[in-house]
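S.K.: sequence and predicted model, in that order:
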Amino acid sequence: MTLTLLVLAMIAAANPFRALAARPAAPRYEVVVAAMATTGALALFSAAVSDPLLDLVDVTGPSARIAAGIALLVVALKDVFVAPPQAEPGLRGRRGGVIPLAFPVIFSPALALLVLAGTAERGVAVALAAVAIAMVPVALVLVFGSAPTRVRAMTSFTGALGAGVAALVVLDGVYAI
């Protein structure tokens, strides 16, 4: 899997507009910093346990890519057909960036599987760099975006693009077998 495909898949998994819809009303910068720090910590943990975990369950790198692509497809189709989540009551203040924003909205199961597959394929440093690059548009939308009336349309559009990227990730895994 190329770095470009990995980054695009991670952006689709995190869907900045879905995150914008779920952003709590607490001060933006504090929430975004908490969400990005939590996402980074979860990605670091996932990358650290990737090889031992995949060895434990006897899953190869190409199979992990196929699984990540399928998970991304499910998340992308949900973004297309289901309304984005609303800001739910979660933790108060900046901790609202942890729950519900960072987990489960930004660091979805699809993103976790992409980190596992990216680490197995390209190594820890590349997978974490891909997460860092993918979080830039998410953070920018969260900081500068105001929940527009068209957030549903933008979430659906990004989900449709994510479905295409998911197909590429699955095909990349199939061709690697």
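M.R.: Now that the structure is in, tell me what you want to look at. Numbers count the residues shown, from 1 in each chain.
S.K.: chain center to stretch 16-24: distance?
M.R.: When distances are taken as CA atoms, centre = their mean, to the nearest Å, stretch 16-24 is centred 12 Å away from the chain's centroid.
S.K.: next, the buried residues of that stretch.
M.R.: Residues of stretch 16-24 classed as buried: 16-24 (neighbour count, 16 or more other CB atoms under 10 Å). From N, CA and C alone the C-beta is placed, and that goes for glycine too.
S.K.: if we only consider the residues you listed, which is nearest to residue 130?
M.R.: The shortest distance between residue 130 and any of the buried residues of stretch 16-24, using CB to CB, involves residue 16 and amounts to 15.7 Å.
S.K.: double-check the closest one against residue 138; I have them as touching.
M.R.: Yes: in this structure, residue 16 is within contact of residue 138 by CB atoms under 8 Å, at 4.6 Å.
S.K.: how about residues contacting the lowest-mean-pLDDT helix or strand in the chain?
M.R.: Lowest mean confidence among the helices and strands of the chain (mean pLDDT, DSSP states H and E): helix 16-22, at a mean of 92. With CB atoms under 8 Å, 6 or more residues apart in numbering as the contact definition, helix 16-22 has outside contacts at 35, 79, 84-88, 100-101, 105-106, 137-138, 140-142, 145, 147, 151-152, 154-155, 158-159.
S.K.: hmm, 6 Å instead?
M.R.: For helix 16-22, contacts defined as CB atoms under 6 Å, 6 or more residues apart in numbering pick out 79, 84-85, 87, 101, 105-106, 137-138, 141-142, 145, 151, 154-155, 158.
S.K.: quick one: least confident of these?
M.R.: pLDDT across the contacts of helix 16-22 is at its lowest for residue 87, which sits at 69.
S.K.: what helices and strands are in contact with the longest helix along the chain?
M.R.: Secondary structure of the chain read by DSSP state H shows that its longest helix is helix 28-56. Here helix 28-56 is seen to pack against helix 109-122, helix 124-144 when contacts are counted using 3 or more CB pairs under 6 Å, 6 or more residues apart in numbering; DSSP states H and E.
S.K.: nearest to residue 31 among the ones you listed would be which one?
M.R.: helix 124-144 (7.4 Å).
S.K.: how many other residues sit next to residue 171?
M.R.: As a burial measure, residue 171 scores 13 neighbours (other CB atoms under 10 Å).
S.K.: that one: what's its closest spatial neighbour, skipping adjacent residues?
M.R.: Distances taken as CB to CB, 6 or more residues apart in numbering put residue 69 closest to residue 171, at 7.8 Å, once the chain neighbours are dropped.
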